[in-house]
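**Q** Next one to model:
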Amino acid sequence: MRSVDFGDSLERKHRKAWPIALRSGGRAASAARDALIMRRPHKVVGVACLFVAVLASCGGQRAARPPVSVMPPLPLIGHSTTVGPVNTADPVVLSFPKGIPGYGLPNTYAMFSTGLDTANIDLSISSLPINTVHGFIGGMEALPELPTWASAHRAHYDAVARKSEATWGPSVIAVGKHWVLYYSTRIRGRNIECIGAATSKLPGGPYLDSSSAPLICQRSLGGSIDPDAVRLSTGKLVLVWKSDGSRQIWEQQLSRDGARVMGKRSLLLEPTQRWEHRNVEGPDLLAARKGGWWLFYSGAQWDTGLYGTGVAWCRTVSGPCVKPRSSGILRSKPGTVGPGGLSTFRAVNGTIWVAYSAFVVQPRPGRIGARVLYVAPLLSY
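**A** Purely as a prediction, here's the structure:
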């Protein structure tokens, strides 16, 4: 399932703008990248372009901000409940009113999450009401083997180097008569992560990725992680994700079988607000009831109390997007530290809910601790 990288020309322009120190790697690269991200690039392309930019993005690379007057009221998240299991990150929940094939019971939920212990992608099952404490039973593996392009590793966190080795941020969607699991993992020979796609005939797996190369791998932007697949009302599939080094959120259409990206790649979001601390990640798209799309995302460093969840409104899945408030919608509080990795899902009764994870206590270097699963109804969107 090798894909053609239609966004290379756009990414090369971003890459050329990076200073030499950034391309060289190391601490200098990190500092240079942070400084660059905090500056929004401006190009003087002529009087005609400046005039047109009032109505649209010049050259199509940066979308103009939509008028705030057309934006629907902000999403309202209801009361959050801790439902477990312990040590859950980047949860994605699917509901099956008629039951999951192979598991039998009706009104069942399947939760996929980042592999943090021994699994590549953790799978947990619950046949209880979604807000039942300890309702999910985990310990199952959705992706038993990684493809040949992936680096062989087991999930662990190096508290000194502040670097995690894991298979990150799953997204699962039905495509025709099969299911596709998108994920990100480290590639062989380079210290970056890229996005793969595995398939299964059953929603609970096992999923198999037989590709010879990643689905998306923005090497010039430090890799690609945190995929989220969405089906439009037209039936088209799109994928949103984060470019890991440049800390930006992108969108691109998928083929009908979900195995390739195609068409134009769009830049949706960058870190521009203080609470984001130069990082946005973990995108999740939800169609707004009154038009457009809500783009939920996480900001700041995931293993700190600064981590939180924000939301932007996009006129279309390809943008333009605007951040309606200057702070996150979920922030740390006692007992819920660093809430992030939020995803939306439809419960068995048809209502929309959110799932996210957070630490119980403040993480410390060398003592990260476990994250737990929270769910909450989305009262309005």
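
**Q** Are we agreed that Ser266 is in a helix?
**A** No: applying DSSP: H, G, I helix; E, B strand; the rest coil, one finds Ser266 to be strand, outside a helix.

**Q** Can you tell me the element the residue nearest to it when sequence neighbours are not counted falls in?
**A** Spatial nearest neighbour of Ser266, excluding adjacent residues (Cβ to Cβ, 6 or more residues apart in numbering): Ser318 at 4.3 Å. In short, each C-beta sits where N, CA and C put it, glycine included. For Ser318, there is no helix or strand it lies in under DSSP states H and E.

**Q** Tell me, how many residues neighbour Trp179?
**A** Trp179 has 21 neighbours, counted by other Cβ atoms under 10 Å.

**Q** Kindly provide the distance from it to Leu202.
**A** Using Cβ to Cβ, to the nearest Å, Trp179 is found at 7 Å from Leu202.

**Q** in the stretch 51-200 of the chain, which spans are strands?
**A** Ranges of strands within the stretch 51-200 of the chain are 76-77, 81-82, 92-96, 108-114, 121-126, 137-141, 156-158, 163-165, 168-175, 178-186, 193-200, based on DSSP state E, counting those that start in this stretch.

**Q** Tabulate these in a markdown table, adding columns for distance to Arg278 and mean pLDDT.
**A** As requested, these are exported to a markdown table (distance: least, Cβ to Cβ, whole Å; pLDDT from 0 to 100):
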| stretch | distance to Arg278 | mean pLDDT |
| --- | --- | --- |
| strand 76-77 | 25 | 97 |
| strand 81-82 | 30 | 92 |
| strand 92-96 | 26 | 97 |
| strand 108-114 | 22 | 95 |
| strand 121-126 | 28 | 93 |
| strand 137-141 | 33 | 86 |
| strand 156-158 | 21 | 46 |
| strand 163-165 | 18 | 51 |
| strand 168-175 | 19 | 96 |
| strand 178-186 | 20 | 96 |
| strand 193-200 | 19 | 98 |
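
**Q** which one of those strands lies closest to Pro339?
**A** Nearest of the strands of the stretch 51-200 of the chain to Pro339, taken as Cβ to Cβ: strand 76-77 at 10.2 Å.

**Q** Can you tell me the strand partners of that closest one and which way each runs?
**A** Strand 76-77 has the following sheet partners, assigned by DSSP bridges: strand 371-380 (antiparallel).

**Q** Grab the nearest non-local neighbour of the residue most central in space within the chain.
**A** With distances taken as Cα atoms, centre = their mean, the residue of the chain nearest its centroid is Gly282 (2.8 Å). Leaving out its chain neighbours, the residue that sits closest to Gly282 by Cβ to Cβ, 6+ apart is Ser298, at 4.0 Å.

**Q** before we move on, back to that, contacting residues around the residue nearest to Ser266?
**A** For Ser318, the contacting residues are Ala63, Glu251, Lys264, Ser266, Leu268, by Cβ atoms under 8 Å, 6 or more residues apart in numbering.

**Q** Trp302 falls within a strand, correct?
**A** No: with three-state DSSP as the criterion, Trp302 is located in coil rather than a strand.

**Q** ok, it to Pro227 distance?
**A** On the measure of Cβ to Cβ, Trp302 and Pro227 end up 16 Å apart.

**Q** now swap in Leu123 and tell me
**A** Leu123 sits 17 Å away from Pro227, going by Cβ to Cβ.

**Q** circling back to that earlier point, in CSV, list the contacts of Ser318 along with pLDDT, distance to Tyr207 and neighbour count.
**A** As requested, the contacts of Ser318 are arranged in CSV below (pLDDT from 0 to 100; distance: Cβ to Cβ, whole Å; neighbours: other Cβ atoms under 10 Å):
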residue, pLDDT, distance to Tyr207, neighbour count
Ala63, 41, 34, 19
Glu251, 98, 23, 26
Lys264, 95, 28, 12
Ser266, 98, 27, 25
Leu268, 98, 27, 24
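
**Q** Beta-bridge partners for the residue nearest to Gly282, please?
**A** Beta-bridge partners recorded for Ser298 (DSSP bridges): Glu281, Thr309.

**Q** confidence score at it?
**A** As predicted, Ser298 sits at a pLDDT of 98.

**Q** so who does it touch?
**A** Going by Cβ under 8 Å, 6+ apart, Ser298 touches Val280, Glu281, Gly282, Tyr307, Gly308, Thr309, Gly310, Gly340, Gly341, Leu342.

**Q** So which of those is the closest to Gly350?
**A** Gly350 lies nearest to Leu342 out of the contacts of Ser298, by Cβ to Cβ, at 20.0 Å.

**Q** So which bits of stretch 369-379 are buried?
**A** Buried residues in stretch 369-379, defined by neighbour count with 16 or more other Cβ atoms under 10 Å: Arg371, Val372, Leu373, Tyr374, Val375, Ala376, Pro377, Leu378.

**Q** er, stretch 232-241 I mean
**A** By neighbour count with 16+ other Cβ under 10 Å, stretch 232-241 contains the buried residues Leu237, Val238, Leu239, Val240, Trp241.

**Q** what's the farthest-apart pair in these?
**A** Leu237 and Trp241 (13.4 Å).

**Q** Tell me where the model's unsure across the stretch 201-350 of the chain.
**A** Within the stretch 201-350 of the chain, no stretch has pLDDT under 70.

**Q** Helices of this structure, start to end?
**A** Secondary structure of the chain (DSSP state H): helices at 8-16, 20-24, 26-37, 47-52.

**Q** Among the contacts of Ser298, name the buried ones.
**A** Buried members of the contacts of Ser298, counted by 16+ other Cβ under 10 Å: Val280, Glu281, Gly282, Tyr307, Gly308, Thr309, Gly310, Gly340, Gly341, Leu342.

**Q** what sits against the first one?
**A** Right, the one you point to is Val280. By Cβ under 8 Å, 6+ apart, the contact list for Val280 reads Lys242, Arg247, Gln248, Ile249, Leu269, Glu270, Pro271, Tyr297, Ser298, Gly299, Gly310.

**Q** The fourth one now?
**A** Taking Cβ under 8 Å, 6+ apart as the definition of contact, the neighbours of Tyr307 are Ser298, Gly299, Ala300, Gln301, Ser332, Gly338, Pro339, Gly340.
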